[in-house]
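*Asks:* this is a predicted model, with the sequence first.
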Amino acid sequence: MISLNGTESEAEVLGTTPFDYDWALPCEKLNIKALGAQFLPPLYSLVFIVGLLGNVVVVVILTMYRRLKVMTNIYLLNLAISDLLFLVTLPFWIHYVRWNEWVFGRFMCKFFSGLYYMGLYSEIFFIILLTIDRYLAIVHAVFALRARTVAFGILTSVVTWALAGLAALPEFFFHTSQEEYGQFICTPFYPEDEEDTWKRFHALRMNILGLALPLLVMVVCYSGIIKTLLKCRNKKKYKAIRLIFVIMVVFFIFWTPYNLVLLLSAFQIVFLKNSCEQSKALDLALLVTEVIAYTHCCVNPVIYAFVGVRFRKYLRHFFHKHVAICLGKYLPFLPSEKLERASSVSPSTGEQELSAVF
């Protein structure tokens, strides 16, 4: 949420103070705060509902059909859990933005702030692992037979969660609930003599770990994958190449604007003039780009799971067996007999490696 990135302007948007003082001249930001309170709750409620539904479906399908014997699916499961970890914190931030006050106490402020960022970092890290996993499966297929094991998938997942927790550690430590101007706020409180340093560290950390590193891995790995696919005669190679471009473009569109605006906010004095209008423009830009960035958790199930041939077959099987047949008992226009026959047929798993990876 906009209260969590540690920038001065955002804390003010959520109620630290409605003014940003520049040379003793008040910079009124009440209109931006009101705009956030009006539009962010319904937008984040939509993200919560859609993201929760999509990622829960991924978890259910992967666990119900015991597809965790493949390293790719282990990473997909962890990616869904990462998104769910982030999503479960959204209702609390929605309430915070809507009523402009944190009512859940100091411990919950620290806990949900850290959990929020742990979900974000782990999501990005598992996207990196999925990219490397695809690279090994396509470019180094022989080596992948030995390396892409369940044990290695579990080990790397544990290490990834530890790294995500380490990256989110400052949020667990610095975020706290404190009363200011008659209201409780949940925001990072850095040491006064190190406040600017920590804000800039936060922005650089997000840009390096959340944007530069995953984009670098994607460019290197997917370039190698495309070169390999162009040499093979598989009819599905062009579909796989299109999906690669979709993954990279979607990630770039969703995350780049937010990270760049976050960087400008932290280094506003360096890059821009410290003026009221520019400060308000950055606040507004953060409101917009933040919604775009965090919608990515709704897209992950689609581009990483639902596009897979096997996953779609399991999804159809699950829908016929557990949803459509139950509805057919109460809705006479649904062909319940056909649905029962469809649910009794197990999904085929005799597919090529390319279909399993993409």
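*Replies:* Sure, I can see it.
*Asks:* now whatever helix or strand Lys280 lives in: average pLDDT?
*Replies:* In the assignment (DSSP states H and E), Lys280 maps to helix 276-294. Mean per-residue pLDDT for helix 276-294: 84.
*Asks:* and the next helix or strand past it?
*Replies:* Next along from helix 276-294, by DSSP H and E: helix 296-301.
*Asks:* gap between that following helix and the chain center?
*Replies:* 7 Å (C-alpha atoms, centre = their mean, to the nearest Å).
*Asks:* and the next element down the chain from that helix?
*Replies:* Criterion used, DSSP H and E; the element after helix 296-301 is helix 309-319.
*Asks:* packing partners of that next one?
*Replies:* On a contact count with 3 or more C-beta pairs under 8 Å, 6 or more residues apart in numbering; DSSP states H and E, helix 309-319 meets helix 30-64, helix 336-343, helix 353-357. Where C-beta positions appear, they are placed from N, C-alpha and C, glycine not excepted.
*Asks:* nearest to Leu211, of those?
*Replies:* helix 30-64 (19.8 Å; C-beta to C-beta).
*Asks:* can you say which helix or strand has Trp102 in it?
*Replies:* Of the helices and strands defined by DSSP H and E, none includes Trp102.
*Asks:* pop out the phi and psi values for it.
*Replies:* phi -90, psi 120 (degrees, to the nearest 10).
*Asks:* dump the residue contacts of it.
*Replies:* Tyr96, Cys109, Ser177, Phe184, Ile185, Cys186 (C-beta atoms under 8 Å, 6 or more residues apart in numbering).
*Asks:* before we move on, which element is the second one in?
*Replies:* The one in question is Cys109. helix 106-139.
*Asks:* quick one: the residue nearest to Ile61 when sequence neighbours are not counted from Ala80, how far?
*Replies:* Nearest residue to Ile61, sequence neighbours excluded (C-beta to C-beta, 6 or more residues apart in numbering): Tyr314, at 5.1 Å. Going from Tyr314 to Ala80 by C-beta to C-beta, to the nearest Å gives 14 Å.
*Asks:* for the two, indicate the residue with more neighbours.
*Replies:* Ala80 (27 against 21; other C-beta atoms under 10 Å).
*Asks:* in CSV, list the helices and strands packed on helix 309-319 along with distance to Leu263 and mean pLDDT.
*Replies:* Converted to CSV, the helices and strands packed on helix 309-319 look like this (distance: least, C-beta to C-beta, whole Å; pLDDT from 0 to 100):
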stretch, distance to Leu263, mean pLDDT
helix 30-64, 20, 87
helix 336-343, 51, 49
helix 353-357, 34, 51
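*Asks:* for Ile128, which of these is the nearest?
*Replies:* helix 353-357 (15.8 Å).
*Asks:* nearest spatial neighbour of the residue most central in space within the chain, chain-adjacent residues omitted?
*Replies:* Closest residue to the average C-alpha location of the chain: Cys297 at 4.1 Å, with C-alpha atoms, centre = their mean. In space, and not counting its chain neighbours, Cys297 is closest to Asp83: 4.1 Å by C-beta to C-beta, 6+ apart.
*Asks:* over to Ile127?
*Replies:* In space, Ile127 comes closest to Pro214 once its chain neighbours are excluded; the distance is 6.0 Å by C-beta to C-beta, 6+ apart.
*Asks:* wait, the one you found touches Ile124, no?
*Replies:* Yes: at 5.5 Å, Pro214 and Ile124 qualify as touching, with contact defined as C-beta atoms under 8 Å.
*Asks:* neighbour count: those two, which is higher?
*Replies:* More crowded of Pro214 and Ile124, by other C-beta under 10 Å: Ile124, with 23 against 20.
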